[in-house]
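Asker: Structure of the sequence below:
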Amino acid sequence: MADTGPMTEAGTVERQWTAFHQWGPFGLLAVGTAVAAAGTGLVGMTAGQWYVAGALVAVAAGLQAWWAGAARGRPGPTAASGCLYFARCAITFVLTWLNPLFGFYAYAGYFGVDRLLPPRLVKPGLFLTAVTIAGSQSGGLPPDDEPGWVLFGAILAVNVVLLVVFARLADTEEARNRARVRTITELERTNTALQQALDENAALHAQLLVQAREAGVADERGRLAAEIHDTLAQGLTGIIAQLQVVAATPDPGLGRAHLDRALALARHSLGEARRSVHNLAPAALADDTLPDALEKTVTAWSGRTGVRPRFTVTGTAEPLHDEVAATLLRIAEEALSNTARHAAAGRVGVTLSYMGDEVTLDIRDDGRGFDPLTARRRTPVGGFGLDGMRARAERVAGTLTVEAEPGHGTAVSARVPLVRDDR
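Answerer: The predicted structure is shown next:
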């Protein structure tokens, strides 16, 4: 709930001032009349003067009562309020002329002048009030002699100076109030803009979360597709190749050897499928380090293809994070699979290098090579060759480069951060 304390307090003060401006003149009129009646012995008044004074007091009270009802809903000065002010000044001046003790009522002219008079008439109205009050304070109007006039002039000057001082103070306070109102308005606008910015930021944040979730889902789908391609698809391809040899050869011994290889590939592919269901970590890394797993992979690949490989490890081997090790192993498997399908190579070299904060995997062959610029256009729909290897490397903040030229072999190099296994 918003804090409405200051607003409530301001409204209360405004209502109190409104009540004072409506009913305060009654109190000043009553005080002036009571003091004048009590001081009859000090200031002699004839019976006729008292009748006139009584009539003026009644008129002043009637005017003020009328204005108390007519002023409701009229916060600013109007023609009627100006007439009321100057009529009250005239009545006060006459009452003070008859008896200076009526001057108490004249002070009503100092209060609420900005509510009754337009700005151009405020100073004349205050000056008339100051004349009446100065006459009351100097002993009555008109002064009896020259010293009386001097006293009247001095008192009038003091009242005028006080009016100027208080007017300056009021103007300063009004300027401060206006500045405060402007500041509050600017703060409200700033708060509104800030709230709008926060709402927009919350909406953008929600949108980004949705996009990130969708991107994560798409990335996971791509990773699973590449995982299936690198394991089951390649295993099935190898099985088919081995069975084709069995079907085509009349040599029972050679057929038996290829059949055994097909069975081994089938068992391996089954293990990969089961592993994919559990945690998607390569089965070759379950019990071996990355160098050992790579060496076994290269050896098994050589047995299936008959190509002479060379596997080398440089630097100090360190245990790698599972995701990093799995990425390099899958890249090696895909690169070797591509070599077997397309390169017609006689020699293959696989090098795993530990270099400070990086690990590099290089697969080179002396096969027919290809043009890297046109390789992607020739890739079948759904293939995960070079693009799949590159995506795997980028997934662990690595890079993959391919150097190839028709007739001069191919070199695939994957560089990934050396993220150690903290277990």
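Asker: alpha carbons only for contacts and neighbour counts from here, please
Answerer: Noted.
Asker: Tell me how far whichever strand or helix holds Glu323 lies from the chain's centre.
Answerer: Using DSSP states H and E, Glu323 sits in helix 322-338. Here helix 322-338 is found 44 Å from its chain centre; the criterion is CA atoms, centre = their mean, to the nearest Å.
Asker: repeat for stretch 343-361
Answerer: Distance, centroid of stretch 343-361 to centroid of chain: 49 Å (CA atoms, centre = their mean).
Asker: Can you get me the start-to-end distance on it?
Answerer: 19 Å (CA to CA, to the nearest Å).
Asker: what do you get for stretch 331-350?
Answerer: Using CA to CA, the two ends of stretch 331-350 sit 11 Å apart.
Asker: Equivalent analysis for stretch 246-257, please.
Answerer: Note: stretch 246-257 ends 9 Å apart using CA to CA.
Asker: contacting residues around it?
Answerer: Here stretch 246-257 makes contact (CA atoms under 8 Å, 6 or more residues apart in numbering) with Val245, His258, Leu259.
Asker: Over to stretch 333-344?
Answerer: By CA under 8 Å, 6+ apart, stretch 333-344 touches 230, 234, 297, 301, 305, 345, 363, 365-369, 385, 389, 409, 412.
Asker: give me that answer again for 6 Å
Answerer: Identification of contacts with stretch 333-344 by CA atoms under 6 Å, 6 or more residues apart in numbering yields Gly367, Arg368.
Asker: taking the mean pLDDT, what do you get for that stretch?
Answerer: Averaged across stretch 333-344, pLDDT comes to 88.
Asker: Any idea how far apart the tips of that stretch sit?
Answerer: 16 Å.
Asker: hang on, the earlier thing: quick check: what element follows the helix holding Glu323 along the chain?
Answerer: Heading C-terminal from helix 322-338 (DSSP H and E), you reach strand 347-355.
Asker: List the strands paired with that following strand, with their directions.
Answerer: strand 308-314 (parallel), strand 358-365 (antiparallel) (DSSP bridges).
Asker: now that strand against helix 322-338, angle please.
Answerer: Relative orientation of strand 347-355 versus helix 322-338 (axes from the mean of the first three to the mean of the last three CA atoms, to 10 degrees): 160 degrees.
Asker: thinking again about what came up before, can you tell me which of the contacts of stretch 246-257 has the most neighbours?
Answerer: Counting neighbours by other CA atoms under 10 Å, His258 comes out on top of the contacts of stretch 246-257 with 22 neighbours.
Asker: Against Pro124, how distant is it?
Answerer: Applying CA to CA to His258 and Pro124 gives a distance of 121 Å.
Asker: One more: Asp421?
Answerer: For Asp421, the distance to Pro124 - CA to CA - is 93 Å.
Asker: repeat for Ala206
Answerer: Counting by CA to CA, the gap from Ala206 to Pro124 is 66 Å.
Asker: What of Gly349?
Answerer: 108 Å.
Asker: Counting neighbours, go ahead and name the busier of these two.
Answerer: Using other CA under 10 Å, the more surrounded residue of Gly349 and Pro124 is Gly349, with 16 against 12.
Asker: State the number of residues packed around the residue lying closest to that one once chain neighbours are set aside.
Answerer: Once flanking residues are discounted, Gly349 sits nearest to Arg310: 4.7 Å by CA to CA, 6 or more residues apart in numbering. Burial of Arg310 is recorded as 16 neighbouring residues (other CA under 10 Å).
Asker: cool, the one 4 residues further on as well?
Answerer: Using other CA under 10 Å, Thr314 is surrounded by 12 other residues.
Asker: I figured it hits Met355, correct?
Answerer: No: judged on CA atoms under 6 Å, Thr314 makes no contact with Met355 at a distance of 8.3 Å.
Asker: Compute the number of surrounding residues for His321.
Answerer: Neighbours around His321, by other CA under 10 Å: 14.
Asker: Run through the residues that contact the closest residue to it other than its chain neighbours.
Answerer: Leaving out its chain neighbours, the residue that sits closest to His321 by CA to CA, 6+ apart is Asp421, at 4.3 Å. By CA under 6 Å, 6+ apart, Asp421 lies in contact with Pro319, Leu320, His321.
Asker: what do you get for Gln22?
Answerer: Taking CA under 6 Å, 6+ apart as the test, what Gln22 contacts is Ala68.
Asker: Check the gap between it and Gly112 for me.
Answerer: 9 Å.
Asker: swap in Leu163?
Answerer: Distance, Leu163 to Gly112, using CA to CA: 14 Å.
Asker: Buried residues, the helix or strand where Phe127 lies. List them.
Answerer: Phe127 is part of helix 119-137, with elements assigned from DSSP H and E. Going by neighbour count (16 or more other CA atoms under 10 Å), the buried part of helix 119-137 is 122-123, 125-137.
Asker: pLDDT score for Pro269?
Answerer: Check again: residue 269 is Ser, not Pro. In this model, Ser269 carries a pLDDT of 71.
Asker: Which element, helix or strand, includes Leu151?
Answerer: Counting by DSSP H and E, Leu151 is part of helix 146-228.
Asker: Can you tell me which helices and strands that helix packs against?
Answerer: Helix 146-228 sits against helix 119-137, with contacts defined as 3 or more CA pairs under 6 Å, 6 or more residues apart in numbering; DSSP states H and E.
Asker: who does the helix it packs on touch, helix- and strand-wise?
Answerer: helix 146-228.
Asker: Show the model's pLDDT score for Val359.
Answerer: pLDDT, read off for Val359, is 94.
Asker: just the one 3 residues further on next, same as before
Answerer: We have a pLDDT of 95 for Asp362.
Asker: Enumerate every residue touching it.
Answerer: Asp362 touches Val350, Thr351, Val412, Ser413, counting by CA under 6 Å, 6+ apart.
Asker: Spell out the secondary structure type for the residue nearest to the third one when sequence neighbours are not counted.
Answerer: Here the nearest residue to Val412 in space, its sequence neighbours aside, is Val402; by CA to CA, 6+ apart that works out to 4.7 Å. Assigned state for Val402: strand (three-state reduction, DSSP: H, G, I helix; E, B strand; the rest coil).
Asker: OK, contacts around the nearest residue to Thr78 once chain neighbours are set aside?
Answerer: Counting by CA to CA, 6+ apart, Thr78 lies nearest to Leu116, which is 6.8 Å off, once chain neighbours are set aside. By CA under 6 Å, 6+ apart, the contact list for Leu116 reads Pro77, Ser81, Gly82.
Asker: What are the phi and psi values at the last one?
Answerer: Geometry field for Gly82 lists phi and psi as phi -70, psi -40, criterion degrees, to the nearest 10.
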